[in-house]
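Enquirer: need a structure here:
(one chain, ligands or ions: 2)
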Amino acid sequence: MSDLIEKAAKIIVKSKNLIALTGAGISAESGIPTFRGEEGLWSKYKPEELATPEAFMRNPRIVWEWYAWRIDMVLSAKPNPAHRALAELEDMGILKITITQNVDNLHERAGTKKLIKLHGDILTARCVSCGYKQHLSAPPKDLPPKCPSCGDILRPDVVWFGEPLPAKAIEEAFESARRADVILVVGTSGVVYPAGLIPHVVKNYGGKVIEVNVSESAITEITDIFLRGHAGKILPVLVLKIKELA
Ligand code: NAD
Ligand code: ZN
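Expert: Ligands and ions are numbered 1, 2, ... in the order given. Take a look at the predicted model:
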């Protein structure tokens, strides 16, 4: 493993335009469950009952109860060494952009500044009618919460299954993928589209793919280097190695 980490560090030190793509796995060690994998949230809850616009229209209260639980979890979680390692790589001027599928705020809290959030933000609520937005510093009390501007209901400002991604975020993400010469893919199953296509774009434009995951993902077959293990263990070692070489 240390040979592979060293190889990855060499590629990264030589890179001119490194980007990162992260998924739920990077926040797993902060205590936020992933959707897939052994302890995935949805081994207990069915996604189609919770994370779709149809489910919300049918029963906004149940969907909000699930989100209230997850909001509490995000608010009590702390960034882990993997989030901090990426923020440090950015500070060093090596990592140019971090693209995340996560809806938590752990990258921001670790200090990452150039962040593209593809799937929205669990700590923002948005009106289904007028687009009014509100930051949440705690789960709303009365569920579903009401819009103070027009009286309709608020929903979590996240992307649900079957919904389009925010246009600006997706444009910026694919543009940065076309320009990147290396992508570091961390803790994503790679099966949620279009986010899962981003490493393929980097590869097709001649870039290299380095992946960190506890198990193989849909991305693994196109990776140049696969670093198997916990992101919170691997990324700090990788950053140390990069510092030695840089
Ligand atoms: P996913 O749940 O589909 O996959 C998680 C991946 O992380 C798996 O490949 C797993 O092997 C890997 N993993 C688990 N623990 C790890 C660790 N400690 N180190 C490295 N890898 C680890 O997640 P996804 O690919 O992000 O896609 C699912 C969707 O879930 C996204 O749209 C995202 O918005 C949403 N989601 C977000 C959060 C969050 O914001 N923290 C949590 C759950 C789900
Ligand atoms: Zn409104």
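Enquirer: only C-alpha atoms for contact and neighbour calcs from this point on.
Expert: Will do.
Enquirer: what packs against the strand ranked longest in the chain?
Expert: Criterion DSSP state E: the longest strand present in the chain is strand 120-127. Secondary-structure packing of strand 120-127 (3 or more C-alpha pairs under 8 Å, 6 or more residues apart in numbering; DSSP states H and E): helix 60-76, strand 133-135, strand 154-158.
Enquirer: Go through those and pick out the most buried.
Expert: Across the helices and strands packed on strand 120-127, averaging neighbours per residue (mean count of other C-alpha atoms under 10 Å) puts strand 154-158 on top, at a mean of 23.
Enquirer: Please state the mean pLDDT value computed over stretch 87-105.
Expert: If you average the pLDDT over stretch 87-105, you get 98.
Enquirer: so after the least confident helix or strand in the chain by mean pLDDT, what's the next helix or strand?
Expert: Least confident helix or strand, the chain: helix 47-50 with a mean of 70, by mean pLDDT, DSSP states H and E. Sequence order places helix 53-58 as the next helix or strand after helix 47-50, per DSSP states H and E.
Enquirer: elements contacting that following helix?
Expert: Packing partners of helix 53-58 (3+ C-alpha pairs under 8 Å, 6+ apart): helix 47-50.
Enquirer: go with 6 Å
Expert: Packed against helix 53-58 by the contact rule (3 or more C-alpha pairs under 6 Å, 6 or more residues apart in numbering; DSSP states H and E) you find no helix or strand.
Enquirer: Check which residues of it are buried.
Expert: Pro53, Phe56 (16 or more other C-alpha atoms under 10 Å).
Enquirer: now it, how far from the centre of its chain.
Expert: With C-alpha atoms, centre = their mean, to the nearest Å as the basis, helix 53-58 stands 24 Å off its chain's centre.
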